[in-house]
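Asker: Pasting a predicted model and its sequence here:
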Amino acid sequence: MLLAFACLCLMGCAKSETPATTTDTAAAPTGNPAGTQAGNQAATPDKMAMAPAQTAAAPSAPAAGSVKTASGLVYEELRAGTGPSPTASDVVKVNYRGTLTNGTEFDSSYKRNEPAVFPLNRVIPCWTEGVQHMKVGGKARLTCPSAIAYGAAGSPPVIPGGATLIFEIELLGIGPN
């Protein structure tokens, strides 16, 4: 569990299994969803402006029924949860799969056979914002534009600069474990 936590929550996963303290997401060396985001102040879902996502015929067009937030996040609920929703300051337990828009998988808790546990305010902004829309027991797809993921620098060698990322996330729990 410690290894999964380190890889998810720390920007230095590929180089070190010890916590990184940088707040510079451009320096992230891995594709894990959790670039350290000290001071990440994502809005709570009830305060976020959400509008139906555009359904243009572009390859990355959002699916019908998804919503696009002011930040550019596209949130699609795949399975409704019945439990509480986390806040940005909560610790969450999730299973997830991260891919590039071409389908290349860069990270997966499923492949590690162990859910990930991390503070929601220590991940990329897309995750901090998107997971707050979920309820425990739910599953969602987040499409994260680079501006709220790893930016123009990306996270070499796995995530190229400017990459839009897609995550399928199951929210298993809220709390320390």
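Answerer: Now that the structure is in, tell me what you want to look at.

Asker: Name the nearest residue to residue 77, ignoring sequence neighbours.
Answerer: The shortest distance from residue 77 to any non-neighbouring residue, by Cβ to Cβ, 6 or more residues apart in numbering, is to residue 140 (5.3 Å). The way it works is simple: take the backbone N, C-alpha and C, and place the C-beta from them, glycine included.

Asker: Check which helices and strands the host helix or strand of the one you found sits against.
Answerer: Using DSSP states H and E, residue 140 maps to strand 139-144. Other helices and strands packing on strand 139-144, by 3 or more Cβ pairs under 8 Å, 6 or more residues apart in numbering; DSSP states H and E, are strand 74-79, helix 125-131, strand 165-174.

Asker: Strands of this structure, start to end?
Answerer: Counting by DSSP state E, one finds strands in the chain at the ranges 50-52, 67-69, 74-79, 91-100, 105-108, 116-119, 139-144, 165-174.

Asker: Comparing these by mean pLDDT, which bottoms out?
Answerer: The weakest mean pLDDT among the strands of the chain belongs to strand 50-52, with a mean of 39.

Asker: Setting the sequence-adjacent residues aside, check what's closest to residue 107.
Answerer: In space, residue 107 is closest to residue 98, 4.4 Å off (Cβ to Cβ, 6+ apart).

Asker: Tell me, how many residues neighbour that neighbour?
Answerer: 24 (other Cβ atoms under 10 Å).

Asker: Would you check how far apart it and residue 64 are?
Answerer: Applying Cβ to Cβ, to the nearest Å, the value for residue 98 to residue 64 is 23 Å.

Asker: Same check on residue 117?
Answerer: 33 Å.

Asker: follow-up on the earlier one: among the helices and strands packed on strand 139-144, which comes closest to residue 109?
Answerer: Comparing the helices and strands packed on strand 139-144 against residue 109 with Cβ to Cβ, the closest turns out to be strand 165-174 (9.0 Å).
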